[in-house]
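Engineer: show me how the following folds:
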Amino acid sequence: MPIVSIEPPDAPALDVFYADEGSGRPVVLIGGLSSTNEVYAPQISGLSEQFRVIAPDNRGSGRTLVHDDDGDRAIDRMARDVFAVLDALALDRVHLVGTSMGGMIVQEFALAHPERLATLTIGCSHGGSPGAIPPSDETIGIIVTGSGAQASEDDIRANNEMMFHPSSLGDDRASFEYYVATKALRPHSSDELERRMHAIMAFDAWERLPTLNVPTLVITGDDDRLIPPDNSRRLAERIPGARLTIIPNAGHIFWLEQSAVTNRALLEHFTANS
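Structural biologist: I've put the predicted structure just below:
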């Protein structure tokens, strides 16, 4: 996998590590809070049959190197990273996809640079605190317990399992076990996750979303406990012309649990707007 060096404005330079497979119109996949590009394996393999698929590791994730890191993980800064990667790779109009925190990053990108997008896809995300529906108190408790410095292995597993639909936690746990393996392969430190949580709490695109003029798909799982599906419904209502897809039997990590359904939805969105 290649590396591209970028120097975004007003931010430390990066050596961005990214997956790059296939050919044709570029599809760019932006990961979430604790993701590296490995989490998009089903999309990279499936979509690259028709498109060039690029999946960078975000600032502070995986094998991307931040020079003179100041620790700032503001969502708009990470959107500028995406812009710099597109410029460095000479990519003009792309299909841009982001999930969870990545869905916030792609919103900021689309609002700043709609001319660079063929389509936008926002997965399991929200538009900022004014329009966001929080998780339940029970889910918050699982997150807090499973993310703490003193978390037991059982607490951590419960936190990870909360991201998935119950049907994915039965006899066939392949998608869940793969997700856990990606997190263990290149883990984020507690300090890194805290920086990102501060950035998520400060994120607010809600008032600007009605100005968005890009063909948009909003997609989520029907049993997302972390970012409840009503957030996606609100996003789709807020963004002019947006389409909403809610995938059955899927939680927050819907694209792994229901990869074939997700890929079909993405391909239909891309081909309808190419």
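
Engineer: who are the contact partners of Ile6?
Structural biologist: Residues near Ile6 by C-beta atoms under 8 Å, 6 or more residues apart in numbering: 13-14, 16, 81, 84-85, 87-88. Using the backbone N, CA and C atoms, a C-beta is placed for each residue, glycine as well.

Engineer: measure it to Leu29 for me?
Structural biologist: Using C-beta to C-beta, to the nearest Å, Ile6 is found at 17 Å from Leu29.

Engineer: and His67, by the same measure?
Structural biologist: On the measure of C-beta to C-beta, His67 and Leu29 end up 24 Å apart.

Engineer: which parts of the stretch 51-200 of the chain are strands?
Structural biologist: Under the criterion DSSP state E, counting those that start in this stretch, the stretch 51-200 of the chain contains strands at 52-56, 65-66, 94-99, 117-123.

Engineer: can I get these in JSON lines including mean neighbour count and mean pLDDT?
Structural biologist: Output for the strands of the stretch 51-200 of the chain, formatted as JSON lines (neighbours: other C-beta atoms under 10 Å; pLDDT from 0 to 100):
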{"stretch": "strand 52-56", "mean neighbour count": "25", "mean pLDDT": "98"}
{"stretch": "strand 65-66", "mean neighbour count": "17", "mean pLDDT": "97"}
{"stretch": "strand 94-99", "mean neighbour count": "28", "mean pLDDT": "98"}
{"stretch": "strand 117-123", "mean neighbour count": "26", "mean pLDDT": "98"}
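
Engineer: these: which one's closest to Glu194?
Structural biologist: strand 65-66 (16.1 Å; C-beta to C-beta).

Engineer: what lies in contact with that closest one?
Structural biologist: Applying C-beta under 8 Å, 6+ apart, the contact partners of strand 65-66 are 12-15, 17, 59-60.

Engineer: how about the residues you listed, which pair is most distant?
Structural biologist: Pro12 and Phe17 (15.7 Å).

Engineer: between these two, which one's more packed in?
Structural biologist: Set side by side, Pro12 and Phe17 show more neighbours around Phe17, with 20 against 15, by other C-beta atoms under 10 Å.

Engineer: what kind of secondary structure is that one in?
Structural biologist: Classification of Phe17 by DSSP: H, G, I helix; E, B strand; the rest coil places it in strand.

Engineer: wait, it sits on Gly60?
Structural biologist: No: Phe17 lies out of contact with Gly60 (C-beta atoms under 8 Å); the separation is 11.9 Å.

Engineer: now for the helix or strand bottoming out on mean pLDDT in the chain, which elements pack on it?
Structural biologist: None of the helices or strands of the chain scores lower by mean pLDDT, DSSP states H and E than helix 137-147, at a mean of 89. Secondary-structure packing of helix 137-147 (3 or more C-beta pairs under 8 Å, 6 or more residues apart in numbering; DSSP states H and E): helix 153-161.

Engineer: brilliant, that's me finished.
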